[in-house]
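Trainee: no letters, just coordinates:
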């Protein structure tokens, strides 16, 4: 029997492990809790990643060939793992499109219908019914989406159903089905001031770092709402704090931050025109059912052909 | 010059009044604030209603022929007004479909994505990120809608876009486009236990009073969410309070109540699995722009033909 190990950093259901065991003859399935010191060098495949591995431990993964990440973005992986040409990386891009789009529209609709305000008033038994109290409909509004991948496309689809105009931003401005128009990132400045709502689904890369900074926020409508369901590193949080504090823009919803958990000392918590959620916009109701088919398909392909079938991360792009 | 008066209980924009003045020669346009005691008997048309009129004042409206209500439901009109055969009543049914449907989906999406919980945690600078914390997607859920009129149809349309199964309930079970199936009210009990979410758009009539009572709540799924954007009189609030307090159902969102404003002493305020909004689900961003065309079209018809063109309330049904 081979000593090769498939290490489960994330949980799989017992019946899922059983199914995979039958596919991967000669491999041992080991959970992180059961991983002995002598096992490290035999780990060949990882399901999920764990941020607690030390550099010394990472160097002990001598035979590691493939990491099936359980997230869409993989920017949390250490550079020595990403840059190691021996290690293939695949992600779960695609499965988060529905929950993230539902998060975006949950925020927009509940804000426009004053449901967040209602919740706060309820806690004070306060029936306050403004006749013209900042209600808005999504109808006829302009929605600008940074990133036209799976998540952006699902947001665009739903946006159209609410009778919005939906514009996409991607690297080269190529047309993407489901968007009324697409612009290149370099042209984005010309269109930003037209948007009622801006959603970023951008990954964390060298090019996107602090893209949303002081000058960018200055171009927005005074009523604009900014939503970040991509990565925290794309936003200059100080600039956003200032724009919100000064009511230079209408409001924002952030699900992702530079530092997570967001430190208790952060001044962002206190802003009344900001909604903070703890990096949950992509959380899935039936996570293991959604991710399993992707891991299984890749595992079969890996075992039979030595390569992955889908969701392969382009290491040079980082997504 | 005739003394006939068009009384504006609700506000119209100056340019709207000017436009109507040119159409309605010989009529005086009077706001409620400017209405003198001697004017009452000359009021022939009312735009909107005002609940503060006493019975004696109502009896002084001797020439009143038409009330153009600015709401969809008109159950707040006194019986002596409704039953007076000389008075025609029209409503604004239709214009509230978009905001009410947006309110319903704002509640469902923000609940499923834990955004209300996030808002409360934010106030305590609390980053609490449950891995499997009651998230749900609308996808593949069953949505049951009581009332298959304008509002119900708009809810069904959006529900389908979120990949839900949408079932309608109406008086006789007639099929309505946009619903996967429709059942008669008498058959509703057979389907209620299948629903993940139930939305009521029912008006207040003798038949709907306390329809949603103890036995009805007992038929629901333990995770079901109940939404009332119709009228408060349809719900036995004590029974709903008990069902929510005992966590017999998942949660509820009420926009309408028996008594409005909801009294500060109500025990409903304190329920954590209930969202209360102060009868605002139908509030419109550009109210005067939406309602004006309906009033204008009816006014032209009234002046030329002595009858109304649209949105006529069937007095026997009450809507």
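Mentor: Nice, I can see it. These numbers were taken from a predicted model, which means no experiment stands behind them.
Trainee: tell me who's in contact with the residue sitting nearest the centre point of chain A.
Mentor: The centre of chain A sits closest to residue A:230, judged by C-alpha atoms, centre = their mean, with a distance of 4.7 Å. Residue A:230 is in contact with A:73, A:146, A:147, A:200, A:201, A:202, A:203, A:204, A:208, A:256, counting by C-beta atoms under 8 Å, 6 or more residues apart in numbering or on different chains. The C-beta positions use only the backbone N, C-alpha and C, and glycine is treated the same way.
Trainee: how far away is the closest residue to it other than its chain neighbours from chain B?
Mentor: Nearest non-adjacent residue to residue A:230, counting by C-beta to C-beta, 6 or more residues apart in numbering or on different chains: residue A:202, 4.1 Å away. Distance of residue A:202 to chain B, given as C-beta to the nearest C-beta, to the nearest Å: 20 Å.
Trainee: what is the neighbour count of residue A:202?
Mentor: Using other C-beta atoms under 10 Å in any protein chain shown, residue A:202 has 27 other residues around it.
Trainee: tell me the secondary structure at it.
Mentor: Secondary structure, DSSP: H, G, I helix; E, B strand; the rest coil: residue A:202 is coil.
Trainee: I'd say it and residue A:233 touch.
Mentor: No: applying C-beta atoms under 8 Å, one finds residue A:202 not in contact with residue A:233, separated by 9.3 Å.
Trainee: please, where are all the strands along the stretch 201-319 of chain A?
Mentor: A:225-228, A:251-254, A:274-276 (DSSP state E, counting those that start in this stretch).
Trainee: let me fix that, I meant to ask about the stretch 51-200 of chain A.
Mentor: Applying DSSP E, counting those that start in this stretch to the stretch 51-200 of chain A gives strands spanning A:66-68, A:88-90, A:142-146, A:165-170, A:181-184, A:197-200.
Trainee: dump the ones you listed into TSV; add mean pLDDT, mean neighbour count and distance to chain B as well.
Mentor: Formatted as TSV, the strands of the stretch 51-200 of chain A follow (pLDDT from 0 to 100; neighbours: other C-beta atoms under 10 Å in any protein chain shown; distance: least, C-beta to the nearest C-beta, whole Å):
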stretch	mean pLDDT	mean neighbour count	distance to chain B
strand A:66-68	98	23	18
strand A:88-90	97	21	21
strand A:142-146	98	24	14
strand A:165-170	98	23	14
strand A:181-184	98	16	22
strand A:197-200	98	27	14
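Trainee: how about residue A:49, what does it touch?
Mentor: With C-beta under 8 Å, 6+ apart, residue A:49 has these contacts: A:9, A:67, A:69, A:70, A:74, A:76, A:77.
Trainee: buried ones among those residues?
Mentor: Among those, those classed as buried by 16 or more other C-beta atoms under 10 Å in any protein chain shown are A:9, A:67, A:69, A:70, A:74, A:77.
Trainee: how about the third one, nearest residue that isn't a chain neighbour?
Mentor: Nearest residue to residue A:69 in three dimensions, chain neighbours excluded: residue A:91, at 4.7 Å (C-beta to C-beta, 6+ apart).
Trainee: same deal with the last one?
Mentor: Using C-beta to C-beta, 6+ apart and skipping residues adjacent in sequence, the residue nearest residue A:77 is residue A:49, 6.2 Å away.
Trainee: state the distance from that neighbour to residue A:270.
Mentor: Note on residue A:49: its distance to residue A:270, by C-beta to C-beta, to the nearest Å, is 33 Å.
Trainee: how about the strands of the stretch 201-319 of chain A in TSV, adding mean pLDDT, mean neighbour count and distance to residue A:156?
Mentor: Output for these, formatted as TSV (pLDDT from 0 to 100; neighbours: other C-beta atoms under 10 Å in any protein chain shown; distance: least, C-beta to C-beta, whole Å):
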stretch	mean pLDDT	mean neighbour count	distance to residue A:156
strand A:225-228	98	25	14
strand A:251-254	98	24	18
strand A:274-276	98	21	22
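Trainee: which stretch among those comes nearest chain B?
Mentor: Counting by C-beta to the nearest C-beta, chain B lies closest to strand A:274-276 out of the strands of the stretch 201-319 of chain A; the figure is 4.6 Å.
Trainee: partner strands of that closest one, with direction?
Mentor: Here strand A:274-276 is paired, per DSSP bridges, with strand A:251-254 (parallel).
Trainee: output the longest helix belonging to chain A.
Mentor: For chain A, the longest helix by residue count, based on DSSP state H, is helix A:287-305.
Trainee: contacts for it next, please.
Mentor: Contact with helix A:287-305 is made by A:11-13, A:16, A:19-20, A:23-24, A:45, A:47, A:66, A:68, A:70, A:90, A:92, A:94-95, A:284, A:307-311, B:132, as judged by C-beta under 8 Å, 6+ apart.
Trainee: and the stretch 151-300 of chain A, which residues reach chain B?
Mentor: A:157-158, A:161-162, A:260-262, A:264, A:266, A:269, A:275-281, A:283-285, A:287 (C-beta under 8 Å from any C-beta of the partner chain).
Trainee: can you do 7 Å?
Mentor: Selection of the stretch 151-300 of chain A residues close to chain B by C-beta under 7 Å from any C-beta of the partner chain yields A:158, A:161, A:261-262, A:264, A:269, A:275-281, A:283-285.
Trainee: narrow the residues you listed to just the buried residues.
Mentor: Buried among these by 16+ other C-beta under 10 Å: A:158, A:262, A:269, A:275-281, A:283-285.
Trainee: give me the low-pLDDT residue ranges for chain A?
Mentor: A:1-2, A:131-132 (pLDDT under 70).
Trainee: if you set the cut-off to 90 instead, what comes out?
Mentor: The model of chain A has pLDDT under 90 over residues A:1-3, A:71-73, A:75, A:94, A:129-134, A:284-290, A:315-319.
Trainee: perfect, I'm done here.
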